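S.K.: Pasted the sequence and its predicted model underneath.
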Amino acid sequence: MNLPLLYTDLAWIWPIISPPSEYRREASMFRREIVRILQPRPKQRLSLLHLGCGGGHLDWNYKKIFTLTGADLSQPMLDLAHRLNPEFEYLLGDMRSLRLGRLYDAVVIADSIDYMLDEAELAAAFATAYAHLRPGGVFLTYAEDTRERFEQNASHCFSEKQENVEVSVFQNVFDPDLTDTTIEKTFVYLIRQDGELSIHTDQHLCGLFPNSTWVECLEGAGFRVQSSENTYGDPLYIGIRPE
Ligand SMILES: C[S@@+](CC[C@H](N)C(=O)[O-])C[C@H]1O[C@@H](n2cnc3c(N)ncnc32)[C@H](O)[C@@H]1O
């Protein structure tokens with residue numbers, strides 16, 4: 001897989017455009033569901049595997065809460081995660097094929113699952129989650145978009161500043177072929193550093209599936225499935241590995 005610029009040469013802007021504090025609500029939502037289902041003893045620290053952990057911004061919200069392993073395809077993103085959360089373990093790994101030979105209480109895949117481009121890849125990521133869960137363990141993931149909710153040619157932009165760097169981001173989402181399972185997310189980054197402007201374009205190929213595919217792939221991997229909504233109103237999927 002060719003990783004986008006945002007996860008390679010421009011990984012350094014990730015903490016500027018998507019800081020760890022932005023993951024607070026999402027982190028509490030995952031934690032609330034994990035605790036509701038697993039009901040840990042007081043002071044018991046559950047183990048969590050985060051697939052597609054990126055810069056570790058979600059993880060930053062779990063210090064002193066979980067014992068955490070993060071895995072990602074991008075070494076520059078893992079370097080950011082390691083620097084931010086030196087107490088956690090970070091490993092290079094593909095969520096479609098990783099096998100650590102260890103079992104965790106919980107597995108999450110957050111805003112990286114949309115890099116699964118077809119049903120086979122989605123199923124492979126879910127199989128990885130299942131393979132790393134103890135019986136009774138819980139897997140959480142969500143769809144940033146589903147075929148039912150998709151809005152063609154939607155755009156938005158925002159700007160963020162940190163010290164001497166200002167980054168403006170324009171994002172457009174477009175589906176050139178409504179009959180397949182992929183969409184294009186195109187980004188333009190304007191980076192102003194010490195008065196100098198550089199402009200970069202980046203294209204992320206992402207998967208888009210109907211709700212039924214998510215549920216079928218989760219059940220196909222062996223999970224008992226519950227679904228609800230995440231904090232942004234997107235579908236949240238909870239898979240429990242049967243005892
Ligand atoms: C939006 S970022 C995740 C950010 C992360 N939630 C955080 O807290 O910083 C998406 C990540 O998915 C990773 N990714 C994409 N495909 C992957 C795969 N097949 N296996 C593992 N990671 C993958 C990218 O390298 C990127 O770091």
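M.R.: Nice, thanks for sending it over.

S.K.: Any buried residues in whichever strand or helix holds residue 205, and which?
M.R.: Using DSSP states H and E, residue 205 maps to strand 196-207. For strand 196-207, burial by neighbour count (16 or more other CB atoms under 10 Å) applies to 202, 204, 206, 207. All C-beta spots, glycine's among them, are computed from the backbone N, C-alpha and C.

S.K.: for stretch 206-213, same thing?
M.R.: In stretch 206-213, counting by 16+ other CB under 10 Å, buried: 206, 207, 208, 209, 213.

S.K.: Quick check: bridge partners of the first one?
M.R.: Put plainly, it is residue 206. residue 183 (DSSP bridges).

S.K.: May I have the predicted confidence score for it?
M.R.: The model reports residue 206 with a pLDDT of 97.

S.K.: Tell me who's in contact with it.
M.R.: Residue 206 is in contact with 114, 115, 117, 182, 183, 184, 185, counting by CB atoms under 8 Å, 6 or more residues apart in numbering.

S.K.: And the second one, by the same measure?
M.R.: By CB under 8 Å, 6+ apart, the residues touching residue 207 are 114, 115, 116, 117, 118, 121, 122, 181, 182, 183.

S.K.: go with 10 Å
M.R.: 113-119, 121-122, 143, 145, 180-183, 213 (CB atoms under 10 Å, 6 or more residues apart in numbering).

S.K.: Identify the farthest-apart pair in those.
M.R.: 113 and 180 (17.7 Å; CB to CB).

S.K.: So between these two, which is more surrounded?
M.R.: Between residue 113 and residue 180, residue 113 has the larger neighbour count (other CB atoms under 10 Å), namely 24 against 12.

S.K.: distance of that one from residue 153?
M.R.: 23 Å (CB to CB, to the nearest Å).

S.K.: And whichever residue of the chain sits closest to the ligand, its phi and psi?
M.R.: The ligand sits closest to residue 54 of the chain, with a gap of 2.5 Å, by CB to the nearest ligand atom. The phi/psi pair for residue 54 (degrees, to the nearest 10) reads phi 60, psi -130.

S.K.: wait, doesn't it sit right on residue 11?
M.R.: Yes - Residue 54 lies in contact with residue 11 (CB atoms under 10 Å); the separation is 8.9 Å.

S.K.: shared neighbours of the two, which are they?
M.R.: 74, 77, 78, 80.

S.K.: what about the closest residue to the residue of the chain closest to the ligand other than its chain neighbours, which SS state?
M.R.: Among residues not flanking residue 54 along the chain, residue 77 sits closest, at 4.8 Å (CB to CB, 6 or more residues apart in numbering). Using DSSP: H, G, I helix; E, B strand; the rest coil, the structure places residue 77 in helix.

S.K.: do the top helix by length along the chain and the ligand meet?
M.R.: If you go by DSSP state H, the chain has its longest helix at helix 24-38. No - residues of helix 24-38 are not located near the ligand by CB under 6 Å from any ligand atom, the shortest gap being 8.4 Å.

S.K.: In terms of secondary structure, what does that helix contact?
M.R.: In terms of contacts (3 or more CB pairs under 10 Å, 6 or more residues apart in numbering; DSSP states H and E), helix 24-38 is packed against strand 47-51, strand 104-109, strand 133-142, strand 224-229, strand 235-240.

S.K.: And the next helix-or-strand element following the first one, what does it pack against?
M.R.: Scanning the chain past strand 47-51 towards its C-terminal end, the next helix or strand to appear is strand 67-72 (assignment: DSSP H and E). Where contact means 3+ CB pairs under 10 Å, 6+ apart, strand 67-72 is packed against strand 47-51, helix 75-84, strand 89-92, strand 104-109.

S.K.: I'd like these as CSV, with mean pLDDT appended.
M.R.: Shown next, in CSV, are the helices and strands packed on strand 67-72 (pLDDT from 0 to 100):
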stretch, mean pLDDT
strand 47-51, 98
helix 75-84, 98
strand 89-92, 98
strand 104-109, 98
